[in-house]
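Engineer: dropping the sequence and predicted coords here.
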Amino acid sequence: MVRLIAAAAIFSTVFNGPASTGPNLKDLVEAPSLSSPAISPDGRWVAFRRDEASLEINRHDVSWWVAPVDGSKPAKRIADGGEALFNDAGALPSAPPTWSARSDSVYFLALTTDGVQVVRADLDGAARPVTASPGDITTFVLGADGAIVYAAAAPRSEILAAEMKSRDEGVLVDETVDPAQNLFGAIRISGRPAAQRLSGRWFSRRGLLGERDLTFWRAEGRHAPAAISVETAQASGMALDTSRKPVFGRPSLVARNEHGAVARVGVAGDAIVVTDSAGAKITCPISVCGAGRITQLSWRLGGNDLVFISKTEVDGRILRTWRVGEGAARTLFLTEGLLHGGGQVGSPCAVGDRFMVCVLASAVTPPHLVAIDLDSGRARDLTRADPDPGVVHHRLQWTDATGRRFLGDLLEPANAPERRPLFVTYYSCDGYLRGGVGDEWPLSALARSGISALCISAPPEQPGEQDGNLKANETAMAGIASAIELLNAQGRIDPNRIGVGGVSFGADVAMWAAMRLPIAAVSIGSLQLEPTYWWFNSIRGRDAPKLIQQSWGLGSPEATPERWKLLSPALNVDKINAPVLMQLPEQEFRSTMQLYARLSQSSVPTELFAFPTEPHILTEPRHRLAAYERNVDWFRFWLQGVEDPSTTKTAQYRRWRAARAAWKPSDLNPSATKP
């Protein structure tokens, strides 16, 4: 039985206009994102990055902008940042720029015709590379004298030569080779299709020669760069970890001020410990700093005030300040959305002496830049973002039969029939819900088409040993089942027309639901656990077998057959009684062939699409649009019986109609019906 929490807090509803309006799928793909704010030393300006996809050239590019922090003038573009540099998982990290001491220019890394270099952009719009490194630059600092100290990877010419040599001689298949990935041209690295190899823990990856130590250089004016030691680089302010790899972005839960005091967030994430320059410790417990898990910690410039952001009980954000050792923290700003430095891999907000500048985004409002006065808490928009029209947004919270609490965001069609189909995705629902985690299910587009879309945030209390992932799946099932029960009891949905989908852990949950709940259609964007996956990742020297054992309790298929039977969708095809669409990146589809082959030999309708040269998360705009369109078509077909009349989709619907006619839903899932 579902128990509701605090009736007054269950729904936070925003109506955003008629159902006929709203961005189309192409608009959603090309909608820009903002990230990486940095406030100038004089406190007058904020620089930030804008990431924008282009379907025409099938690429993400970035540009750099500045805006006065007081909002007196609109933001202006000052430089082209070149092609976006995604990480090895397909996410775009934030990378705040470095301001010059005179606040008249910013420095940042950009992909130029000569690889990744440091670029200087003046506020008047003049921009040029200021380094000419033969190897891609990974990180840099600007010295007080204007010199640039930077770290560089192996020269690009040597990487190309190594690729050609390996191609000509054949590739030794060892623990660095992922057999699910192409040997060459596997992924775009620094603007070109390049070879990639496994490195480090789990599925970390690098290009060829990526195992080499970084080299360190000092460039000043027109002089040739001079090689320096790692110790000299660190003395110049460059942050490096013990593996001598650069640290991207700034740590958000450890902060040092100009007087040498260090603030850290405790292990539980809800207390702050400050160590002053003399070594004395001062703690700010919940009774002083307020409840909620802290997600960002910074010092206000020029003082002894800490500025920190915490999560609220309903996944909003609270901005507080605390003058160290003097009374309780003060609440400045509260939002139901996400408040941080933006980007797919977020950075902290930028903090100055008077203002804090953040990227603010909520479920139906795209990212936009806000400046928050650190004295009054007043906020002003520095860029504009209009809410997504045509949908009604509800912030939900509920409990399952055990009292476990769940949070979710529900997007409903305006003026829709009383009961309607429901699409559920489970994992994380922070910020703008353009396409959920992985950005493949356009939730507002589904809602405008008459399918309610629910994004459920996984509770933070996830066990980490042996049965951790199994328990996380069981928690997800309880959350999804209780949400369906709640919405059905309210007369909002048709429980016989439920669809699920997700990427990464969200894909695991979707297939788990397909085996255990009355689901009518499924779509996943990531690989699944199956014996084939084990052997793909069990070459001697890999850490994957140990980590799979720790996370899922799985040994080899021969050693733990009962455990594999419990967890693997490929071994439970007889329990899957809903049409399954798989849209997978190329580096993941091969190790999922056991599931697809077994599904294809059953009567369950199933299709697999693989996107070439894609990592864990899709990066190419045209691939994202294809995933958007096919997911909307898939759920409209199976949940509503609706077909897009476009003549370009005739073959698609011919296949789906034939699959529907041949499908024989089993008694295992009696609610499975054909639309």
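Structural biologist: Received the coordinates, thanks.
Engineer: make it CA atoms for all contacts and neighbour counts henceforth
Structural biologist: Noted.
Engineer: end-to-end on stretch 369-388?
Structural biologist: Stretch 369-388 has an end-to-end distance of 17 Å (CA to CA, to the nearest Å).
Engineer: tell me where the model's unsure across the stretch 351-500 of the chain.
Structural biologist: The stretch 351-500 of the chain contains residues with pLDDT under 70 at 416-417, 461-468.
Engineer: show me where it has strands.
Structural biologist: All strands of the stretch 351-500 of the chain, identified by DSSP state E, counting those that start in this stretch, fall at 355-362, 365-373, 379-381, 391-399, 405-413, 420-427, 452-457, 493-502.
Engineer: what about stretch 238-251, average pLDDT?
Structural biologist: Stretch 238-251 carries an average pLDDT of 54.
Engineer: over to stretch 328-347?
Structural biologist: Confidence for stretch 328-347, expressed as mean pLDDT, is 87.
Engineer: ditto for stretch 635-646
Structural biologist: Rounded mean pLDDT across stretch 635-646 is 96.
Engineer: what's the first-to-last distance across that stretch?
Structural biologist: With CA to CA as the measure, stretch 635-646 spans 16 Å from end to end.
Engineer: enumerate the beta-bridge partners assigned to residue 198.
Structural biologist: With DSSP bridges as the criterion, residue 198 is bridged to residue 205.
Engineer: count of residues packed around it?
Structural biologist: 20 (other CA atoms under 10 Å).
Engineer: measure it to residue 204 for me?
Structural biologist: 6 Å.
Engineer: what comes into contact with the helix or strand containing residue 598?
Structural biologist: Using DSSP states H and E, residue 598 sits within helix 593-600. Here helix 593-600 makes contact (CA atoms under 8 Å, 6 or more residues apart in numbering) with 528, 530-532, 569-571, 573, 605-608.
Engineer: so which of those residues belong to helices?
Structural biologist: Cross-referencing the contacts of helix 593-600 against helices under DSSP state H gives 531-532.
Engineer: for the contacts of helix 593-600, which one is nearest residue 48?
Structural biologist: Closest to residue 48 out of the contacts of helix 593-600 is residue 528 (37.7 Å), distances taken as CA to CA.
Engineer: give the contact list for that closest one.
Structural biologist: Residue 528 is in contact with 507-508, 568-569, 592, 595, counting by CA under 8 Å, 6+ apart.
Engineer: list only buried entries from these.
Structural biologist: Neighbour-count burial (16 or more other CA atoms under 10 Å) applied to the contacts of residue 528 gives 507-508, 568-569, 592, 595.
Engineer: how about the helix holding residue 598: buried residues?
Structural biologist: Residues 593-596, 598-600 are the ones in helix 593-600 that count as buried (16+ other CA under 10 Å).
Engineer: so which of these is the closest to residue 558?
Structural biologist: Distance to residue 558, by CA to CA, is smallest for residue 594 among these, at 16.2 Å.
Engineer: that closest one and residue 529, how far apart?
Structural biologist: Residue 594 is 10 Å from residue 529, by CA to CA.
Engineer: now do the shared contacts for the two.
Structural biologist: Counting by CA under 8 Å, 6+ apart, the contacts common to residue 594 and residue 529 are residue 570.
Engineer: any idea of the mean pLDDT in stretch 166-181?
Structural biologist: pLDDT averaged over stretch 166-181 gives 94.
Engineer: whoops, I mixed them up, stretch 36-48
Structural biologist: 96.
Engineer: using PDB, write out every CA atom in it.
Structural biologist: Output in PDB follows, covering the C-alpha atoms of stretch 36-48 (Å, rounded to 0.1, in the frame of the first residue of the first chain):
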ATOM      1  CA  SER A  36      31.700  26.900 -16.300                       C
ATOM      2  CA  PRO A  37      31.100  30.400 -14.800                       C
ATOM      3  CA  ALA A  38      34.100  32.300 -13.500                       C
ATOM      4  CA  ILE A  39      34.000  35.800 -11.900                       C
ATOM      5  CA  SER A  40      36.600  38.300 -12.900                       C
ATOM      6  CA  PRO A  41      39.100  39.500 -10.200                       C
ATOM      7  CA  ASP A  42      37.500  43.000 -10.100                       C
ATOM      8  CA  GLY A  43      34.100  41.400  -9.500                       C
ATOM      9  CA  ARG A  44      32.400  43.100 -12.500                       C
ATOM     10  CA  TRP A  45      32.200  40.300 -15.000                       C
ATOM     11  CA  VAL A  46      31.300  36.600 -15.300                       C
ATOM     12  CA  ALA A  47      32.600  34.500 -18.100                       C
ATOM     13  CA  PHE A  48      30.800  31.300 -19.000                       C
END
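Engineer: in it, what's buried?
Structural biologist: Residues of stretch 36-48 classed as buried: 36-41, 43-48 (neighbour count, 16+ other CA under 10 Å).
Engineer: can you spell out the domain ranges of the chain, please?
Structural biologist: The record assigns the chain these domain ranges, following automatic domain parsing: 251-384, 388-530+568-662.
Engineer: and those as CSV, adding distance to residue 27?
Structural biologist: Shown next, in CSV, are these (distance: least, CA to CA, whole Å):
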stretch, distance to residue 27
domain 251-384, 12
domain 388-530+568-662, 10
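Engineer: now the angle from the longest helix anywhere in the chain to strand 493-502?
Structural biologist: Ranked by number of residues, the top helix in the chain under DSSP H is helix 468-489. Interaxial angle of helix 468-489 relative to strand 493-502 (axes from the mean of the first three to the mean of the last three CA atoms, to 10 degrees): 150 degrees.
Engineer: ok, and what's touching helix 468-489?
Structural biologist: With CA under 8 Å, 6+ apart as the criterion, helix 468-489 contacts 1-2, 398-401, 406, 424, 426, 456, 458, 462-463, 493-495, 508-509, 512-513, 517, 551-552, 567.
Engineer: circling back to that earlier point, looking at the domains of the chain, which is nearest to residue 144?
Structural biologist: Nearest of those (CA to CA): domain 251-384, 15.2 Å.
Engineer: state the pLDDT value of the residue nearest to residue 623 when sequence neighbours are not counted.
Structural biologist: Excluding the flanking residues, the one nearest residue 623 by CA to CA, 6 or more residues apart in numbering is residue 611, at 6.8 Å. For residue 611, the model assigns a pLDDT of 97.
Engineer: surely residue 611 touches residue 583?
Structural biologist: Yes - applying CA atoms under 8 Å, one finds residue 611 in contact with residue 583, separated by 7.4 Å.
Engineer: of these two, who's got more company?
Structural biologist: For residue 611 versus residue 583, the count of surrounding residues by other CA under 10 Å is larger for residue 583: 25 against 19.
Engineer: check which element follows the strand or helix carrying that one along the chain.
Structural biologist: Using DSSP H and E, residue 583 maps to strand 580-585. Later in the chain than strand 580-585, the nearest helix or strand by DSSP H and E is helix 586-589.
Engineer: tell me which residues in that next one are buried?
Structural biologist: Going by neighbour count (16+ other CA under 10 Å), the buried part of helix 586-589 is 586-589.
Engineer: elements contacting it?
Structural biologist: Using 3 or more CA pairs under 8 Å, 6 or more residues apart in numbering; DSSP states H and E, the elements in contact with helix 586-589 are strand 606-611.
Engineer: now the strand it packs on and helix 593-600, what's the angle there?
Structural biologist: 140 degrees.
Engineer: strand 606-611 to strand 580-585, inter-axis angle?
Structural biologist: 10 degrees.
Engineer: which residues sit against strand 606-611?
Structural biologist: Contacts with strand 606-611, where a contact means CA under 8 Å, 6+ apart, come from 579-586, 589, 596, 599-600, 623.
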